[in-house]
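Visitor: I need the structure of the sequence given here:
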Amino acid sequence: MDITPALVKELRERTGAGMMDCKKALVEAQGAIDLAAELLRKAGAAKADKKSSRVAAEGRVAVKSDANTGRHVLLEVNSETDFVAKDESFAAFVDRLADVILATQPADVEALMRAQVEGRTVEDLRLELVTKVGENIAVRRFEVLETKGNVGSYVHGTRIGVLVDLTGGSPELARDLAMQVASLAPRYVASDQVPQETVDKEREIIKAQTAEEKKPPEIIAKMVEGRLRKFLDEITLTGQVFIKDDKKRVRDLLAAQKAEVKRFRRYEVGEGIEKKSADYVSEVMAQVKQSR
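Guide: So this is what the prediction gives:
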């Protein structure tokens with residue numbers, strides 16, 4: 001069968017594979033484009049396996065909501081470089097995943113990768129994207145929040161995403177709180193959620209810092225507790241100074257509107273992933289020594 005340039009072009013646009021790879025696959029499939037695409041996916045899987053050991057610490061976070069079900073998803077997908085993170089195909093993949101999560105509510109990432117999308121699994125789509133962009137792609141984590149309360153969502157660029165579940169208040173307050181969480185990254189909603197171990201450890205640190213102070217013990221004790229309260233305010237959402245009005249704390253806003261933050265989630269691209277730094281000088285010197 002004659003493999004026309006138009007057929008090669010169609011397969012390339014469909015799979016993102018190289019022109020020669022597309023032509024070879026079409027020849028092997030005797031012009032059957034669906035079979036050729038399957039052959040390329042299989043070849044892409046082999047290439048993807050080689051890329052799977054690469055560190056993917058860039059990428060993007062996304063927030064998406066379904067007003068009909070009251071479901072909201074926060075998702076992080078990683079790539080190796082910021083360049084690919086900005087690619088339209090990568091962005092479309094992330095958006096599609098968010099839709100799949102909202103619709104199917106998979107239990108975890110493994111279940112998500114097995115989910116079907118128009119007869120193909122999410123893993124198939126990932127491998128196809130790996131082939132197209134030439135980088136390792138990792139679906140790292142997601143969380144679904146289902147609530148009847150006010151939900152604040154905020155995405156800063158594509159690198160920080162936040163969901164806030166608010167009882168009472170207003171959509172505007174929920175949005176402001178999501179921006180607060182994105183900006184100041186609190187670790188807990190309120191001080192009563194901070195583990196006692198964390199409180200005790202910080203108290204010991206403060207005591208050590210004040211050990212050289214030449215003041216009466218009762219004054220030192222008040223200083224320690226004062227600094228501890230400041231620490232707790234800094235790491236809790238309700239204790240933080242409101243980013244839009246430095247004369248108020250978040251707890252003041254909540255009290256005024258008779259609102260309560262039930263929970264929040266904050267994702268930042270690559271947080272907690274150890275990035276490998278290349279020492280090219282050492283690598284070159286090592287190769288020189290081996291060649292001697």
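Visitor: For residue 232, list the residues it contacts.
Guide: 191, 194, 199, 239 (Cβ atoms under 8 Å, 6 or more residues apart in numbering). (Each C-beta comes from the backbone N, C-alpha and C, glycine too.)
Visitor: Out of these, which two are the most distant from each other?
Guide: Distance extremes for those: the farthest pair is 199 and 239 at 13.1 Å, using Cβ to Cβ.
Visitor: now the helices for the stretch 151-292 of the chain?
Guide: In the stretch 151-292 of the chain, the helices defined using DSSP state H, counting those that start in this stretch lie at 171-184, 196-209, 217-235, 250-256, 280-291.
Visitor: Buried residues of the shortest one, list them for me.
Guide: Residues of helix 250-256 classed as buried by neighbour count (16 or more other Cβ atoms under 10 Å): 250, 251, 253, 254.
Visitor: for stretch 85-100, same thing?
Guide: 85, 87, 90, 93, 94, 97, 98, 100.
Visitor: Give me the contacts around that stretch.
Guide: 16, 58-60, 62-64, 73, 75, 77, 79, 84, 106, 112, 115, 117, 122, 125-126, 129, 132-133, 137, 139, 142, 158, 269.
Visitor: Now with 6 Å, please.
Guide: Outside stretch 85-100, the residues that touch it by Cβ atoms under 6 Å, 6 or more residues apart in numbering are 58-60, 62, 64, 73, 75, 77, 79, 84, 115, 129, 132.
Visitor: CA-only coordinates of that stretch in PDB, if you can.
Guide: Extracted in PDB, the C-alpha atoms of stretch 85-100 (Å, rounded to 0.1, in the frame of the first residue of the first chain):
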ATOM      1  CA  ALA A  85       4.900  22.500  31.800                       C
ATOM      2  CA  LYS A  86       3.900  25.400  29.600                       C
ATOM      3  CA  ASP A  87       3.200  23.200  26.600                       C
ATOM      4  CA  GLU A  88      -0.400  23.200  25.400                       C
ATOM      5  CA  SER A  89      -0.500  19.400  25.100                       C
ATOM      6  CA  PHE A  90       0.600  19.100  28.800                       C
ATOM      7  CA  ALA A  91      -2.000  21.600  29.900                       C
ATOM      8  CA  ALA A  92      -4.700  19.800  28.000                       C
ATOM      9  CA  PHE A  93      -3.600  16.500  29.600                       C
ATOM     10  CA  VAL A  94      -3.900  18.000  33.100                       C
ATOM     11  CA  ASP A  95      -7.300  19.500  32.400                       C
ATOM     12  CA  ARG A  96      -8.500  16.200  31.100                       C
ATOM     13  CA  LEU A  97      -7.300  14.400  34.200                       C
ATOM     14  CA  ALA A  98      -9.300  16.900  36.400                       C
ATOM     15  CA  ASP A  99     -12.400  16.000  34.400                       C
ATOM     16  CA  VAL A 100     -11.800  12.300  34.800                       C
END
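Visitor: still on that earlier bit, in TSV: the helices of the stretch 151-292 of the chain, plus distance to residue 11 and mean pLDDT.
Guide: As requested, the helices of the stretch 151-292 of the chain are exported to TSV (distance: least, Cβ to Cβ, whole Å; pLDDT from 0 to 100):
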stretch	distance to residue 11	mean pLDDT
helix 171-184	42	96
helix 196-209	56	92
helix 217-235	54	93
helix 250-256	55	97
helix 280-291	38	49
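Visitor: can you give me the strands for this structure?
Guide: 58-66, 71-79, 116-117, 120-121, 138-146, 150-156, 160-167, 241-242, 245-249, 260-268 (DSSP state E).
Visitor: Same list (those) but as TSV, adding mean pLDDT, mean neighbour count and distance to residue 9.
Guide: Below are these laid out as TSV (pLDDT from 0 to 100; neighbours: other Cβ atoms under 10 Å; distance: least, Cβ to Cβ, whole Å):
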stretch	mean pLDDT	mean neighbour count	distance to residue 9
strand 58-66	95	21	29
strand 71-79	96	23	26
strand 116-117	92	13	24
strand 120-121	92	14	22
strand 138-146	94	18	30
strand 150-156	95	20	36
strand 160-167	96	24	37
strand 241-242	97	16	56
strand 245-249	95	11	58
strand 260-268	96	18	38
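Visitor: Just put those strands in JSON lines and tack on distance to residue 175.
Guide: Listed next are the strands of the chain as JSON lines, based on distance: least, Cβ to Cβ, whole Å:
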{"stretch": "strand 58-66", "distance to residue 175": "12"}
{"stretch": "strand 71-79", "distance to residue 175": "13"}
{"stretch": "strand 116-117", "distance to residue 175": "31"}
{"stretch": "strand 120-121", "distance to residue 175": "35"}
{"stretch": "strand 138-146", "distance to residue 175": "15"}
{"stretch": "strand 150-156", "distance to residue 175": "5"}
{"stretch": "strand 160-167", "distance to residue 175": "8"}
{"stretch": "strand 241-242", "distance to residue 175": "13"}
{"stretch": "strand 245-249", "distance to residue 175": "15"}
{"stretch": "strand 260-268", "distance to residue 175": "13"}
